[in-house]
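> let me see the structure of the following:
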Amino acid sequence: MRPSLCWLLPLLLLLASVAQGQPTRRPRPRPRPRPRPRPTPSFPLPHEPLEPTDLPPPLPPGPPSVFPDCPRECYCPADFPSALYCDSRNLRKVPVIPSRIHYLYLQNNFITELPVEAFKNASGLRWVNLDNNRIRKIDQKVLEKLPSLVFLYMEKNQLEEVPSALPRNLEQLRLSQNRISRIPPGVFSKLENLLLLDLQHNKLSDGVFKPDTFQGLKNLMQLNLAHNILRKMPPKVPTAIHQLYLDSNNIETIPNGYFKGFPNLAFIRLNYNKLSDKGLPKNSFNISNLLVLHLSHNRISNVPAISNRLEHLYLNNNSIEKINGTQICPNNLVAFHDFSSDLENVPHLRYLRLDGNYLKPPIPLDLMMCFRLHWNAGGPGVCAHHSFSLSPVLAPS
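Below is the predicted model:
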């Protein structure tokens, strides 16, 4: 019995120590299971709009018209039965156009395309205004079915090329402020009546213009290619041109004799380019028919040769440091004692801008004599950057 007592004694001592409060390792509590989220019904996500906000809803229909065929979303004036006003109505598509309509106003809407049936009932349209829409696509057969169309306005849209199959009788084509970077071959070949072509504020580069791009525009009077990405003068511009706009391009040079083949060219704008003396042949602008010449904001150092028929010359914001009367007046003024005796050769220049250059006073005497005008220097005459701000004003007779 004594051996069993020897075995129980250590066990009793261990139990006693536990009872006295000695620390023992406690089991970790099991984490409570998190409640599962309640299932929610799954709905398809709404379509993400292309713009920050949804388009405004179309306006409610207007009052009934005196014309039964007048679209309710448009306005048909009783005193102008051939006109239809659908402008600024938040329209997404072209409404049904009555056949009596000749003048259609659809500007300031949200139209994105012109499908083949857009004007199927209105083949007599003469004037269509689609400015400030979102047109990206024009079906080729839409415009060719409008043989009487004379004016087409599609400014401020999203076109990437000049529309094809343009009506033969078109006189004005306005496509400014689009995304046009392509001109399909022969697109102007049948437009003998076109007088005005406006392609400013697009993405036209030198490679777009081929020698035959403007072929067919025999009567074009105004060509506007301003605010594009041209580095060269466009080739083979129609010879009947009166006004040429090329502002805000990257043009550096003008080919020798470029303007000699334009007997009617009276107005040239080449502001905001990269023209310098190196890129201007000596008599580039010395053409007898030229009346207004804009060369502001270039890199010109010397006044270019001009004709005595020029009336307005803009040379402000260039690099001109000196000037004299012989540059502005090609003829010798000493010979003109009586200006009325030879009006043909008397200088016609009436307005000259030289501010923003590096000219210093005094104003050359022969320059003032050239005008028979008095100068208004606008205050002190010398600006902070040592240039003139000059505006000749007609002297009282």
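> and residue 89, how many neighbours does it have?
For residue 89, the neighbour count with other Cβ atoms under 10 Å is 20. (Glycine included, C-beta is placed from N, CA and C.)
> my guess is it meets residue 74, correct?
Yes: using Cβ atoms under 8 Å, residue 89 makes contact with residue 74 at a distance of 7.0 Å.
> pretty sure residue 264 is touching residue 243, no?
No: Residue 264 lies out of contact with residue 243 (Cβ under 8 Å); the separation is 9.5 Å.
> shared neighbours of the two, anything?
Counting by Cβ atoms under 8 Å, 6 or more residues apart in numbering, the contacts common to residue 264 and residue 243 are residue 221.
> those two: who's more crowded?
A direct count of neighbours by other Cβ under 10 Å for residue 264 and residue 243 places residue 243 higher, at 17 against 11.
> show the contacting residues for that one.
By Cβ under 8 Å, 6+ apart, the contact set of residue 243 is 221, 222, 223, 265, 266, 267.
> quick check: the farthest pair among these?
223 and 266 (13.1 Å; Cβ to Cβ).
> which one's more surrounded, those two?
Ranked by neighbour count (other Cβ under 10 Å), residue 223 and residue 266 place residue 223 first, with 22 against 18.
> secondary structure class for that one?
Applying DSSP: H, G, I helix; E, B strand; the rest coil to residue 223 yields a three-state assignment of strand.
> what's opposite it in the beta bridge?
For residue 223, the beta-bridge partners are residue 197, residue 244 (DSSP bridges).
> state the pLDDT value of it.
Confidence at residue 223, expressed as pLDDT, is 98.
> and for residue 1?
49.
> please apply the same query to the one 4 residues further on.
Per-residue pLDDT puts residue 5 at 50.
> what residues of stretch 75-84 count as buried?
Buried residues in stretch 75-84, counting neighbours by 16 or more other Cβ atoms under 10 Å, are found at 75, 76, 82, 83, 84.
> oh, that last question was meant for stretch 208-219, not what I typed.
Using 16+ other Cβ under 10 Å as the test for burial, stretch 208-219 gives 208, 209, 213, 214, 216, 217.
> which residues sit against it?
For stretch 208-219, contacts defined as Cβ under 8 Å, 6+ apart pick out 181-183, 185-186, 188-195, 197, 220, 223, 234-238, 240.
> just checking, which of those belong to strands?
The strands, defined by DSSP state E, take in 197, 223 from these.
> which of the contacts of stretch 208-219 are buried?
Using 16+ other Cβ under 10 Å as the burial test, the contacts of stretch 208-219 include 181, 183, 188, 191, 193-195, 197, 220, 223, 234, 237-238 as buried.
> could you dump the residues you listed to a markdown table with distance to residue 154?
Putting the buried ones among the contacts of stretch 208-219 into a markdown table (distance: Cβ to Cβ, whole Å) gives the following:
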| residue | distance to residue 154 |
| --- | --- |
| 181 | 16 |
| 183 | 15 |
| 188 | 15 |
| 191 | 15 |
| 193 | 18 |
| 194 | 15 |
| 195 | 17 |
| 197 | 12 |
| 220 | 18 |
| 223 | 17 |
| 234 | 21 |
| 237 | 22 |
| 238 | 21 |
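> how many other residues sit next to the nearest residue to residue 259 once chain neighbours are set aside?
Once flanking residues are discounted, residue 259 sits nearest to residue 287: 5.3 Å by Cβ to Cβ, 6 or more residues apart in numbering. A total of 21 residues lie near residue 287 under the criterion other Cβ under 10 Å.
> now do residue 175
23.
> per-residue confidence for the closest residue to residue 65 other than its chain neighbours?
Distances taken as Cβ to Cβ, 6+ apart put residue 76 closest to residue 65, at 4.6 Å, once the chain neighbours are dropped. Here, the pLDDT recorded for residue 76 equals 94.
> likewise for residue 82?
According to the model, residue 82 scores 97 on pLDDT.
> now it, nearest residue through space, not along the chain?
Nearest residue to residue 82 in three dimensions, chain neighbours excluded: residue 102, at 4.2 Å (Cβ to Cβ, 6+ apart).
> that neighbour contacts residue 127, correct?
Yes: using Cβ under 8 Å, residue 102 is in contact with residue 127, at 6.8 Å.
> so residue 314 makes contact with residue 297?
No: counting by Cβ under 8 Å, residue 314 stays clear of residue 297, with 9.4 Å between them.
> tell me, what's touching these two both at once?
With Cβ under 8 Å, 6+ apart as the test, residue 314 and residue 297 both reach residue 271.
> by mean pLDDT, flag the weakest helix or strand of this protein.
strand 374-376 (a mean of 36; mean pLDDT, DSSP states H and E).
> what separates residue 137 from residue 118, distance-wise?
Plainly put, residue 137 is 11 Å away from residue 118 if you go by Cβ to Cβ, to the nearest Å.
> neighbour count for these two, which is higher?
residue 118 (25 against 13).
> separation between that one and residue 156?
19 Å.
> what do you get for residue 97?
21 Å.
> tell me which of these two has more neighbours.
More crowded of residue 97 and residue 156, by other Cβ under 10 Å: residue 97, with 22 against 18.
> that one: what's it in contact with?
71, 84, 104, 119, 121, 122, 125.
> burial of the nearest residue to the first one once chain neighbours are set aside, as a residue count?
Using Cβ to Cβ, 6+ apart and skipping the chain neighbours, the partner closest in space to residue 71 is residue 95 (4.1 Å). As a burial measure, residue 95 scores 17 neighbours (other Cβ under 10 Å).
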